[in-house]
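K.L.:
Provided below for reference: sequence and predicted model.
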Amino acid sequence: MIRHTIPSQRDPLTKAVRWAALFSLVAAAHCLMAAEPDWRKAKPEAIEAWKDLRFGMFIHWGPVSQTGKEIGWSRGGQKGGVSQEQYDNLYKTFNPVKFNADEWVSIAKAAGMKYIVLTTKHHDGFCLWDTKQTDYNIMHTPFKRDVVKELSEACKKQGLKFGAYYSVCDWYHPDFPLTSPGGKVKREKSDLDSYNRYLLAQIKELITNYGPLLTIWNDVPQMFQGRGKVTMKMVRELQPDILINDRTGDGGDYATPEQTIGSFNNTRPWESCMTVSAHGQWAWRGSKDGVKNLETCLGFLIRAACGDGNMLLNVGPTPEGVIAPEQADRIREMGDWLAKYGESIYGTRGGPFKCNTALGSTHKGNVVYVHVLKWGGDKLVLPDLGKKIVRSSLLRGGKVEVEQKDNQITISVHQSDQQPIDTIIKLELDGAADGIVI
């Protein structure tokens, strides 16, 4: 028989062995926890693929387009809107007979956009798909066609990614604690747990019936702190490679600066959402709205890419279901520019020179694209990159002189070769540009 000897508790060597064993167990536990997948985080390759796209179309649309007022926010008379009763009955006359999903996607494609995000349900609670959770949806309008289905299929057919905007708050639903105007009125009775089940069921419908989706784009998570993590867990389980924005109530995969271009950030993915409308309205404002000029719209995209972010540019279709000609023409002009200069936007990362109002840069592999938005003469002096420039050129032709010495780079472009919106100088280095930030 083998006898097991119990060592003395006073033996310092034994005590050291016990502590070593304890630390080993703790370390092993930490390793196991680190090895477990974190459902909140997107797969790195999914994030990188999304960043490669750089440019998408946002669409705010629904029965409210018949009024020319803002979607969601105009319910209840706020901002010159209409009464709740009037707003909630707009769906009864919503019949966008000219809606053509293939045409919408074709316009986005001509604009150089790589994905579309549709407001499947805004704060007003109206749903643009054949949801089984409520009758307040597109199938109960005179139109009776599933807009989400048609648009998601058109995207698949034409090679664009499709994402679903879904408002967390719902000022129409009786179980949601807050209502219009502006989600500032508290209901006498509500049931947030019941509403949470409704929200989860609807998001599940969107992913399972219309996916795979690029993203679930949540918005205005009133009352949802602590509940958003449940949404993220379900979404990730349904589609592991999907992205979720940061408006769930508990964070998300990417930040969403609104009506402003984000600052340079190459550690936290981000996407700025902007409007093409001259007045900044998301939904259709009417034929007198107008659009931002080409320089402004391109400036949004260029500065976003230089800051290492994406840009989601919004259009607001008409009550008939048409993307207004002035909006379509403007974004097509952006597509014409991208057809010439897109290599400096798509698949790039921001930097190494951080963006300001006059200058920015993108890079890909061993190539740096210097975007000059404003010149102060013929010369531009930049800090050195720490790598040798082996070749330089102007995108789409012209003459550029680049001198690299004394820890600086001097770029000279004659005014005749400077472009009115963005002069792009291509610098080819003797090594990768990744990791250089100046």
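P.N.:
The structure has been received and is ready for your questions. These numbers were taken from a predicted model, which means no experiment stands behind them. Numbering: from 1, shown residues only.
K.L.:
Once you drop chain neighbours, what's closest to the residue nearest the centre of the chain?
P.N.:
If you average the C-alpha coordinates of the chain and look for the closest C-alpha using Cα atoms, centre = their mean, you land on Glu271, 4.1 Å from that point. Residue nearest to Glu271 in three dimensions, not counting chain neighbours: Asn310, with 4.0 Å by Cβ to Cβ, 6 or more residues apart in numbering. Backbone N, C-alpha and C define where each C-beta goes, glycine included.
K.L.:
Tell me who's in contact with that neighbour.
P.N.:
The neighbourhood of Asn310, defined by Cβ atoms under 8 Å, 6 or more residues apart in numbering, consists of Trp50, Lys51, Leu53, Arg54, Phe55, Gly56, Trp270, Glu271, Ser272, Ala304.
K.L.:
show me where the chain has helices.
P.N.:
Secondary structure of the chain by DSSP state H: the helices cover 12-35, 44-53, 84-88, 101-110, 147-158, 192-210, 228-238, 294-306, 325-341.
K.L.:
out of those helices, which comes closest to Pro63?
P.N.:
Evaluated over the helices of the chain, closeness to Pro63 peaks at helix 84-88, with 8.2 Å, by Cβ to Cβ.
K.L.:
on that earlier part again, how about TSV for the helices of the chain, with mean pLDDT added?
P.N.:
What follows is those, written out as TSV (pLDDT from 0 to 100):
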stretch	mean pLDDT
helix 12-35	40
helix 44-53	98
helix 84-88	97
helix 101-110	98
helix 147-158	98
helix 192-210	98
helix 228-238	96
helix 294-306	98
helix 325-341	98
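K.L.:
Out of the ones you listed, flag the one nearest Trp375.
P.N.:
So among the helices of the chain, helix 294-306 is nearest, using Cβ to Cβ, at 14.3 Å.
K.L.:
Based on its surroundings, how many neighbours for Pro238?
P.N.:
Careful, residue 238 is Leu and not Pro. Other residues within reach of Leu238 by the criterion other Cβ atoms under 10 Å amount to 17.
K.L.:
Report the contact partners of the residue nearest to it when sequence neighbours are not counted.
P.N.:
If you skip the residues right next to it in sequence, Leu238 has Ile207 as its closest partner in space, 4.7 Å away by Cβ to Cβ, 6+ apart. Neighbouring residues of Ile207 by Cβ under 8 Å, 6+ apart: Ala164, Leu213, Ile216, Val235, Leu238, Gln239, Ile242.
K.L.:
ok, 7 Å please
P.N.:
Contacts for Ile207 were tallied using Cβ atoms under 7 Å, 6 or more residues apart in numbering; they are Leu213, Val235, Leu238, Gln239.
K.L.:
Okay, it and Pro177: tell me how far apart.
P.N.:
The spacing between Ile207 and Pro177, counted by Cβ to Cβ, to the nearest Å, is 26 Å.
K.L.:
I figured Ser83 hits Gly77, correct?
P.N.:
Yes - A contact is recorded between Ser83 and Gly77 when judged using Cβ atoms under 7 Å, the distance being 6.0 Å.
K.L.:
Just give the closest residue to Val322, not the sequence neighbours.
P.N.:
Lys98 (5.0 Å).
K.L.:
right, and the one you found touches Pro319 too?
P.N.:
No - with contact taken as Cβ under 7 Å, Lys98 and Pro319 are classed as non-touching, separated by 9.4 Å.
K.L.:
So between the two, which is more surrounded?
P.N.:
Relative neighbour count places Pro319 above the other of Lys98 and Pro319, with 21 against 12, counting by other Cβ under 10 Å.
K.L.:
check contacts around the more buried one.
P.N.:
Neighbours of Pro319 in contact, by Cβ under 7 Å, 6+ apart: Ser65, Gln66, Pro96, Trp284.
K.L.:
Farthest-apart pair in the residues you listed, please.
P.N.:
For the contacts of Pro319, with distances taken as Cβ to Cβ, the pair at the greatest spread is Pro96 and Trp284 (10.7 Å).
K.L.:
ok, Gln415 - how many residues close by?
P.N.:
Using other Cβ under 10 Å, the number of residues around Gln415 comes to 8.
K.L.:
Per-residue pLDDT of it, please?
P.N.:
Model confidence at Gln415, expressed as pLDDT, equals 95.
K.L.:
And for it, nearest residue in space, chain neighbours not counted?
P.N.:
The nearest residue in space to Gln415 (Cβ to Cβ, 6+ apart) is Asp378, at 6.4 Å.
K.L.:
Hmm, Val413 and that neighbour touching each other?
P.N.:
Yes - judged on Cβ under 7 Å, Asp378 makes contact with Val413 at a distance of 6.3 Å.
K.L.:
Settle it for me: which of the two has more neighbours?
P.N.:
Val413 (22 against 14).
K.L.:
ok, so what distance separates the more buried one from Leu395?
P.N.:
Using Cβ to Cβ, which is the criterion applied here, Val413 is 12 Å from Leu395.
K.L.:
For stretch 257-267, what is the spacing between the initial and final residues?
P.N.:
Between the start and the finish of stretch 257-267 there is a gap of 15 Å, counting by Cα to Cα, to the nearest Å.
K.L.:
hmm, back to that, just the contacts of Ile207 now: which is nearest Gly347?
P.N.:
Top of the list for closeness to Gly347, among the contacts of Ile207 and by Cβ to Cβ, is Leu213 at 21.4 Å.
K.L.:
wait, what's in contact with that closest one?
P.N.:
Under the criterion of Cβ under 7 Å, 6+ apart, the contact partners of Leu213 comprise Phe162, Gly163, Ala164, Leu206, Ile207, Gln239, Ile242.
K.L.:
The same query, at a cut-off of 6 Å, please.
P.N.:
With Cβ atoms under 6 Å, 6 or more residues apart in numbering as the criterion, the residues that contact Leu213 are Gly163, Ala164, Ile207, Ile242.
K.L.:
who are the neighbours in contact with the nearest residue to Glu258 once chain neighbours are set aside?
P.N.:
Taking Cβ to Cβ, 6+ apart as the measure, Glu258 lies nearest to Cys273, with 5.3 Å between them; neighbours along the chain are not counted. Contacts here follow Cβ under 6 Å, 6+ apart; on that basis Cys273 touches Phe58, Glu258, Leu312.
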